[in-house]
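In: From the sequence below, what's the structure:
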Amino acid sequence: MRLKIEIDDQSFFELDFGDIVYISGYNHQNMWKIYRSLYYYFNKSPMLSTNIYGDDNIEISLDDVSPSTKNTQTYFISNRDSIYQQMIYKKGNLLFENLNTLNDSFEITRILEELNDTNTKLSLLVQEHINNYANNLIIDFEDVTYFDVLKYFLKVSYEDSNRTFPLEFMETESLVDELLNLIESSLKKANNDTWIVLYNLDSFVSRSAKKTILNKLKEFTDRFELKVIYLGNSLTDCSITSAETEKIVVAADEFHQLLPIENLSKSIKMRYPNDFPHSTEQLVQSLIQVIPYVGNKENVSLNPRDLVLLKIVNDILGYETSLDYSDQILNSAETKFLLD
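Out: Predicted structure coming up:
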(Lines give C-alpha, C1' and ligand atoms only; values in the text may rest on other atoms or scores of the structure.)
Protein backbone atom coordinates (compact mmCIF):
# COMPACT_ATOMS: atom_id res chain seq x y z
CA MET A 1 0.00 0.00 0.00
CA ARG A 2 1.12 3.55 -0.68
CA LEU A 3 1.08 5.90 2.30
CA LYS A 4 1.13 9.63 1.61
CA ILE A 5 1.61 12.14 4.44
CA GLU A 6 1.51 15.92 4.10
CA ILE A 7 4.39 17.25 6.20
CA ASP A 8 4.04 20.90 5.18
CA ASP A 9 1.63 22.88 3.01
CA GLN A 10 1.39 20.70 -0.13
CA SER A 11 4.74 19.04 0.66
CA PHE A 12 4.28 15.28 0.89
CA PHE A 13 6.22 12.25 2.12
CA GLU A 14 5.37 8.99 0.35
CA LEU A 15 6.36 5.39 1.04
CA ASP A 16 5.30 1.81 0.53
CA PHE A 17 3.60 0.78 3.77
CA GLY A 18 2.44 -2.66 4.81
CA ASP A 19 2.29 -3.36 8.52
CA ILE A 20 5.36 -1.62 9.97
CA VAL A 21 7.88 1.00 8.86
CA TYR A 22 11.12 2.14 10.52
CA ILE A 23 12.00 5.79 9.86
CA SER A 24 15.43 6.81 11.12
CA GLY A 25 18.26 9.19 10.30
CA TYR A 26 20.15 12.27 11.33
CA ASN A 27 17.38 14.68 10.26
CA HIS A 28 15.32 14.91 13.44
CA GLN A 29 13.29 17.83 12.07
CA ASN A 30 11.94 15.74 9.19
CA MET A 31 11.01 12.90 11.55
CA TRP A 32 9.24 15.37 13.85
CA LYS A 33 7.22 16.69 10.90
CA ILE A 34 5.95 13.16 10.19
CA TYR A 35 4.99 12.65 13.83
CA ARG A 36 3.35 16.08 13.96
CA SER A 37 1.26 15.41 10.85
CA LEU A 38 0.10 12.00 12.07
CA TYR A 39 -0.73 13.31 15.54
CA TYR A 40 -2.72 16.33 14.43
CA TYR A 41 -4.45 14.45 11.62
CA PHE A 42 -5.88 11.86 14.00
CA ASN A 43 -6.37 14.40 16.81
CA LYS A 44 -8.17 17.07 14.83
CA SER A 45 -6.87 20.58 15.59
CA PRO A 46 -7.91 22.83 12.66
CA MET A 47 -7.05 26.01 14.54
CA LEU A 48 -3.44 24.83 14.89
CA SER A 49 -2.96 23.15 11.52
CA THR A 50 -4.56 25.56 9.02
CA ASN A 51 -1.65 28.02 9.01
CA ILE A 52 0.89 25.22 8.41
CA TYR A 53 -0.97 22.88 6.07
CA GLY A 54 -3.38 25.22 4.27
CA ASP A 55 -7.17 25.42 4.25
CA ASP A 56 -7.52 21.70 3.49
CA ASN A 57 -5.77 20.94 6.78
CA ILE A 58 -3.53 17.85 6.92
CA GLU A 59 -3.84 15.37 4.07
CA ILE A 60 -2.99 11.71 4.67
CA SER A 61 -3.95 8.86 2.36
CA LEU A 62 -3.43 5.13 2.10
CA ASP A 63 -3.78 4.02 -1.52
CA ASP A 64 -5.50 7.37 -2.19
CA VAL A 65 -8.06 6.78 0.59
CA SER A 66 -7.93 8.99 3.68
CA PRO A 67 -7.87 6.92 6.89
CA SER A 68 -10.97 7.49 8.98
CA THR A 69 -10.20 9.53 12.07
CA LYS A 70 -13.41 8.20 13.62
CA ASN A 71 -12.98 4.50 12.85
CA THR A 72 -9.20 4.19 13.28
CA GLN A 73 -7.89 3.69 16.80
CA THR A 74 -4.54 5.48 17.24
CA TYR A 75 -1.99 5.51 20.05
CA PHE A 76 1.03 7.82 20.14
CA ILE A 77 3.90 6.73 22.37
CA SER A 78 6.45 9.53 22.62
CA ASN A 79 7.49 9.84 26.29
CA ARG A 80 7.01 8.29 29.73
CA ASP A 81 3.73 10.13 30.27
CA SER A 82 2.25 8.71 27.07
CA ILE A 83 2.77 5.20 28.50
CA TYR A 84 1.50 6.13 31.97
CA GLN A 85 -1.59 7.82 30.51
CA GLN A 86 -2.68 4.58 28.80
CA MET A 87 -3.34 3.16 32.27
CA ILE A 88 -5.60 6.04 33.29
CA TYR A 89 -9.35 5.80 32.77
CA LYS A 90 -9.67 8.58 30.21
CA LYS A 91 -11.36 8.63 26.81
CA GLY A 92 -9.03 7.51 24.04
CA ASN A 93 -6.68 5.60 26.34
CA LEU A 94 -6.19 1.84 26.37
CA LEU A 95 -7.57 1.23 29.86
CA PHE A 96 -10.68 3.26 29.01
CA GLU A 97 -11.36 1.19 25.89
CA ASN A 98 -10.69 -2.12 27.67
CA LEU A 99 -12.81 -1.48 30.77
CA ASN A 100 -15.72 -0.07 28.80
CA THR A 101 -16.14 -3.37 26.95
CA LEU A 102 -17.26 -4.98 30.24
CA ASN A 103 -20.45 -2.92 30.33
CA ASP A 104 -22.48 -5.80 28.87
CA SER A 105 -21.10 -8.39 31.28
CA PHE A 106 -23.92 -10.40 32.87
CA GLU A 107 -22.03 -10.77 36.16
CA ILE A 108 -21.32 -7.04 36.43
CA THR A 109 -24.96 -6.24 35.66
CA ARG A 110 -26.07 -8.61 38.43
CA ILE A 111 -23.73 -7.05 41.00
CA LEU A 112 -24.87 -3.54 40.05
CA GLU A 113 -28.51 -4.57 40.51
CA GLU A 114 -27.66 -5.75 44.02
CA LEU A 115 -25.82 -2.49 44.68
CA ASN A 116 -28.79 -0.44 43.51
CA ASP A 117 -31.14 -2.50 45.68
CA THR A 118 -28.94 -1.52 48.60
CA ASN A 119 -29.12 2.13 47.47
CA THR A 120 -32.92 1.90 47.57
CA LYS A 121 -32.84 0.54 51.12
CA LEU A 122 -30.44 3.33 52.09
CA SER A 123 -32.80 5.93 50.57
CA LEU A 124 -35.70 4.60 52.68
CA LEU A 125 -33.61 4.64 55.85
CA VAL A 126 -32.45 8.24 55.30
CA GLN A 127 -36.04 9.26 54.40
CA GLU A 128 -37.26 8.00 57.75
CA HIS A 129 -34.72 10.23 59.45
CA ILE A 130 -35.62 13.27 57.33
CA ASN A 131 -39.32 12.79 58.08
CA ASN A 132 -38.64 13.56 61.72
CA TYR A 133 -38.10 17.26 60.92
CA ALA A 134 -39.16 17.85 57.30
CA ASN A 135 -42.57 17.31 55.78
CA ASN A 136 -41.95 17.74 52.04
CA LEU A 137 -38.35 16.72 51.38
CA ILE A 138 -37.89 13.50 49.44
CA ILE A 139 -34.56 11.60 49.57
CA ASP A 140 -33.45 9.35 46.73
CA PHE A 141 -30.11 7.80 45.84
CA GLU A 142 -30.00 7.36 42.10
CA ASP A 143 -29.09 4.03 40.56
CA VAL A 144 -25.43 3.60 39.83
CA THR A 145 -24.31 2.46 36.37
CA TYR A 146 -21.10 0.66 35.49
CA PHE A 147 -19.79 3.85 33.88
CA ASP A 148 -20.55 5.77 37.09
CA VAL A 149 -18.40 3.31 39.01
CA LEU A 150 -15.53 3.71 36.54
CA LYS A 151 -15.79 7.49 36.46
CA TYR A 152 -16.13 8.23 40.17
CA PHE A 153 -14.77 5.27 42.12
CA LEU A 154 -12.03 3.65 40.03
CA LYS A 155 -8.51 3.75 41.47
CA VAL A 156 -5.61 2.13 39.59
CA SER A 157 -2.41 1.15 41.43
CA TYR A 158 0.60 -1.05 40.72
CA GLU A 159 1.58 -4.10 42.77
CA ASP A 160 5.27 -4.89 43.07
CA SER A 161 6.89 -7.30 45.58
CA ASN A 162 3.63 -7.51 47.57
CA ARG A 163 3.51 -3.74 47.91
CA THR A 164 0.98 -1.43 46.27
CA PHE A 165 2.25 1.75 44.64
CA PRO A 166 0.50 4.66 42.94
CA LEU A 167 1.08 4.44 39.19
CA GLU A 168 2.89 7.78 39.34
CA PHE A 169 5.61 6.16 41.48
CA MET A 170 6.53 3.54 38.90
CA GLU A 171 9.44 3.81 36.49
CA THR A 172 8.66 3.48 32.79
CA GLU A 173 10.22 0.01 32.53
CA SER A 174 7.69 -1.38 35.01
CA LEU A 175 4.78 -0.22 32.86
CA VAL A 176 5.96 -1.61 29.51
CA ASP A 177 4.56 -5.12 30.04
CA GLU A 178 1.23 -3.70 31.17
CA LEU A 179 1.16 -1.42 28.12
CA LEU A 180 1.69 -4.38 25.79
CA ASN A 181 -0.94 -6.45 27.63
CA LEU A 182 -3.47 -3.65 27.22
CA ILE A 183 -2.61 -3.26 23.53
CA GLU A 184 -3.10 -6.98 22.93
CA SER A 185 -6.41 -7.02 24.80
CA SER A 186 -7.62 -4.01 22.82
CA LEU A 187 -6.58 -5.53 19.49
CA LYS A 188 -8.47 -8.75 20.25
CA LYS A 189 -11.68 -6.74 20.62
CA ALA A 190 -11.06 -4.16 17.89
CA ASN A 191 -13.44 -3.96 14.95
CA ASN A 192 -11.37 -1.36 13.08
CA ASP A 193 -7.75 -0.70 12.17
CA THR A 194 -5.32 0.34 14.88
CA TRP A 195 -2.26 2.53 14.32
CA ILE A 196 0.56 2.84 16.84
CA VAL A 197 3.15 5.59 16.36
CA LEU A 198 6.41 5.29 18.31
CA TYR A 199 8.54 8.42 18.55
CA ASN A 200 12.06 8.62 19.99
CA LEU A 201 11.78 5.49 22.18
CA ASP A 202 15.49 5.62 23.01
CA SER A 203 14.98 8.76 25.11
CA PHE A 204 12.68 7.17 27.70
CA VAL A 205 13.01 3.36 27.70
CA SER A 206 16.01 1.06 28.02
CA ARG A 207 17.42 -0.92 25.12
CA SER A 208 15.88 -4.14 26.43
CA ALA A 209 12.45 -2.50 26.86
CA LYS A 210 12.66 -1.02 23.37
CA LYS A 211 13.45 -4.46 21.95
CA THR A 212 10.53 -5.98 23.87
CA ILE A 213 8.12 -3.34 22.56
CA LEU A 214 9.19 -3.72 18.92
CA ASN A 215 9.24 -7.53 19.01
CA LYS A 216 5.78 -7.69 20.56
CA LEU A 217 4.25 -5.15 18.19
CA LYS A 218 5.72 -7.01 15.20
CA GLU A 219 4.07 -10.16 16.53
CA PHE A 220 0.77 -8.27 16.83
CA THR A 221 0.98 -7.08 13.21
CA ASP A 222 0.91 -10.74 12.16
CA ARG A 223 -2.19 -11.46 14.24
CA PHE A 224 -4.26 -8.29 14.10
CA GLU A 225 -5.17 -5.31 11.88
CA LEU A 226 -2.33 -3.23 13.27
CA LYS A 227 -0.02 -0.71 11.63
CA VAL A 228 3.14 0.52 13.38
CA ILE A 229 5.21 3.59 12.51
CA TYR A 230 8.58 3.80 14.25
CA LEU A 231 10.38 7.16 14.26
CA GLY A 232 13.74 7.21 16.02
CA ASN A 233 17.34 8.33 16.01
CA SER A 234 18.58 4.75 16.03
CA LEU A 235 17.52 1.40 14.60
CA THR A 236 19.48 -0.51 17.22
CA ASP A 237 17.35 -3.07 19.11
CA CYS A 238 14.54 -2.90 16.54
CA SER A 239 15.24 -6.56 15.62
CA ILE A 240 15.15 -5.77 11.92
CA THR A 241 15.76 -8.83 9.74
CA SER A 242 17.04 -9.17 6.19
CA ALA A 243 13.43 -9.52 5.01
CA GLU A 244 12.61 -6.02 6.30
CA THR A 245 15.11 -3.68 4.66
CA GLU A 246 12.41 -2.29 2.37
CA LYS A 247 10.56 -1.25 5.53
CA ILE A 248 13.40 1.13 6.44
CA VAL A 249 13.18 4.81 5.48
CA VAL A 250 16.28 7.01 5.82
CA ALA A 251 15.49 10.51 7.10
CA ALA A 252 18.25 12.70 5.64
CA ASP A 253 17.82 15.91 3.61
CA GLU A 254 15.17 13.89 1.79
CA PHE A 255 13.42 10.63 2.68
CA HIS A 256 14.74 7.45 1.07
CA GLN A 257 13.06 4.04 1.35
CA LEU A 258 15.55 1.19 1.07
CA LEU A 259 15.31 -1.58 -1.49
CA PRO A 260 14.68 -5.24 -0.65
CA ILE A 261 17.86 -6.89 0.57
CA GLU A 262 18.59 -8.73 -2.69
CA ASN A 263 18.58 -5.52 -4.75
CA LEU A 264 20.28 -3.46 -2.04
CA SER A 265 23.04 -6.01 -1.53
CA LYS A 266 23.68 -6.20 -5.27
CA SER A 267 23.95 -2.42 -5.54
CA ILE A 268 26.38 -2.24 -2.60
CA LYS A 269 28.55 -5.09 -3.90
CA MET A 270 28.91 -3.36 -7.26
CA ARG A 271 30.43 -0.34 -5.50
CA TYR A 272 32.53 -2.11 -2.90
CA PRO A 273 36.29 -1.49 -3.38
CA ASN A 274 37.28 -5.15 -2.97
CA ASP A 275 35.65 -8.50 -2.19
CA PHE A 276 32.45 -7.89 -0.25
CA PRO A 277 33.14 -9.05 3.34
CA HIS A 278 29.60 -9.28 4.76
CA SER A 279 27.01 -12.03 4.96
CA THR A 280 23.44 -10.90 4.41
CA GLU A 281 22.71 -10.64 8.14
CA GLN A 282 26.01 -8.86 8.76
CA LEU A 283 25.10 -6.36 6.06
CA VAL A 284 21.75 -5.66 7.74
CA GLN A 285 23.44 -5.11 11.11
CA SER A 286 25.98 -2.81 9.52
CA LEU A 287 23.21 -0.85 7.77
CA ILE A 288 21.51 -0.40 11.13
CA GLN A 289 24.73 1.22 12.40
CA VAL A 290 25.26 3.58 9.45
CA ILE A 291 21.71 4.74 8.63
CA PRO A 292 21.63 7.39 11.42
CA TYR A 293 24.62 9.06 9.71
CA VAL A 294 23.54 8.94 6.07
CA GLY A 295 23.61 12.45 4.58
CA ASN A 296 25.12 13.94 7.74
CA LYS A 297 27.60 16.67 6.81
CA GLU A 298 29.47 16.39 10.11
CA ASN A 299 32.49 14.12 10.52
CA VAL A 300 31.41 10.59 11.36
CA SER A 301 33.45 8.06 13.34
CA LEU A 302 32.45 4.41 12.91
CA ASN A 303 34.29 1.12 12.72
CA PRO A 304 36.30 0.75 9.49
CA ARG A 305 33.95 -1.34 7.38
CA ASP A 306 30.91 0.63 8.51
CA LEU A 307 32.68 3.75 7.22
CA VAL A 308 33.07 2.09 3.85
CA LEU A 309 29.40 1.06 3.81
CA LEU A 310 28.34 4.58 4.84
CA LYS A 311 30.22 6.10 1.92
CA ILE A 312 28.62 3.62 -0.47
CA VAL A 313 25.10 4.31 0.81
CA ASN A 314 25.77 8.05 0.65
CA ASP A 315 26.98 7.65 -2.93
CA ILE A 316 23.86 5.67 -3.89
CA LEU A 317 21.57 8.32 -2.37
CA GLY A 318 23.57 11.28 -3.67
CA TYR A 319 25.18 12.60 -0.50
CA GLU A 320 28.73 13.65 0.28
CA THR A 321 30.51 11.82 3.09
CA SER A 322 32.48 13.50 5.90
CA LEU A 323 34.59 10.90 7.67
CA ASP A 324 36.87 10.58 10.65
CA TYR A 325 38.89 7.47 9.92
CA SER A 326 41.86 8.21 12.15
CA ASP A 327 43.07 5.22 14.16
CA GLN A 328 41.03 2.88 11.95
CA ILE A 329 42.55 -0.25 10.40
CA LEU A 330 41.71 -0.59 6.73
CA ASN A 331 43.30 -2.47 3.89
CA SER A 332 44.87 -0.44 1.09
CA ALA A 333 41.91 -0.73 -1.26
CA GLU A 334 39.45 0.39 1.43
CA THR A 335 41.66 3.31 2.45
CA LYS A 336 42.08 4.41 -1.17
CA PHE A 337 38.33 4.16 -1.69
CA LEU A 338 37.63 6.46 1.26
CA LEU A 339 40.20 8.99 0.04
CA ASP A 340 38.87 9.10 -3.54
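In: contacts and neighbour counts: CA atoms only from here.
Out: Will do.
In: From the structure, what's the count of residues near Asp63?
Out: Counted with other CA atoms under 10 Å, residues neighbouring Asp63 total 13.
In: thought it was touching Leu3?
Out: Yes: between Asp63 and Leu3 a contact is recorded at 6.5 Å, counting by CA atoms under 8 Å.
In: in stretch 34-45, what's buried?
Out: Buried residues in stretch 34-45, defined by neighbour count with 16 or more other CA atoms under 10 Å: 34-35, 37-39, 41-42.
In: Now do the helices in this structure.
Out: 28-42, 46-53, 80-84, 94-100, 106-130, 146-153, 172-189, 207-223, 261-271, 280-290, 304-317, 332-339 (DSSP state H).
In: lowest-confidence helix or strand of this protein?
Out: The helix or strand of the chain with the lowest confidence, counting by mean pLDDT, DSSP states H and E, is helix 46-53 at a mean of 66.
In: Distance of Ser265 relative to Glu281?
Out: In this view, Ser265 and Glu281 are 11 Å apart by CA to CA, to the nearest Å.
In: neighbour-wise, which of those two wins?
Out: Counted by other CA under 10 Å, Ser265 and Glu281 do not tie: Ser265 has more neighbours, with 17 against 14.
In: In terms of pLDDT, where does the residue most central in space within the chain sit?
Out: The centroid of the chain falls nearest to Leu198 when counting by CA atoms, centre = their mean (2.3 Å). pLDDT, Leu198: 98.
In: go on, the one 4 residues further on?
Out: Here the pLDDT value assigned to Asp202 is 95.
In: since we're on it, how many residues are nearby?
Out: Asp202: 18 neighbours (other CA under 10 Å).
In: Thought Lys210 was touching it, still the case?
Out: Yes: using CA under 8 Å, Asp202 is in contact with Lys210, at 7.2 Å.
In: count of neighbours near the residue lying closest to Tyr53 once chain neighbours are set aside?
Out: Distances taken as CA to CA, 6 or more residues apart in numbering place Asp9 nearest to Tyr53, at 4.0 Å, with adjacent residues excluded. Residues contacting Asp9 under the criterion other CA under 10 Å number 17.
In: what does the one 5 residues further on give?
Out: For Glu14, the neighbour count with other CA under 10 Å is 16.
In: Then Ile261?
Out: The burial count for Ile261: 19, using other CA under 10 Å.
In: ok, it - contacts?
Out: 242-246, 280 (CA atoms under 8 Å, 6 or more residues apart in numbering).
In: Filter those down to the buried ones.
Out: 242, 244-246.
In: can I get these in TSV with pLDDT and distance to His28?
Out: Below are the buried ones among the contacts of Ile261 laid out as TSV (pLDDT from 0 to 100; distance: CA to CA, whole Å):
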residue	pLDDT	distance to His28
Ser242	94	25
Glu244	96	22
Thr245	96	21
Glu246	97	21
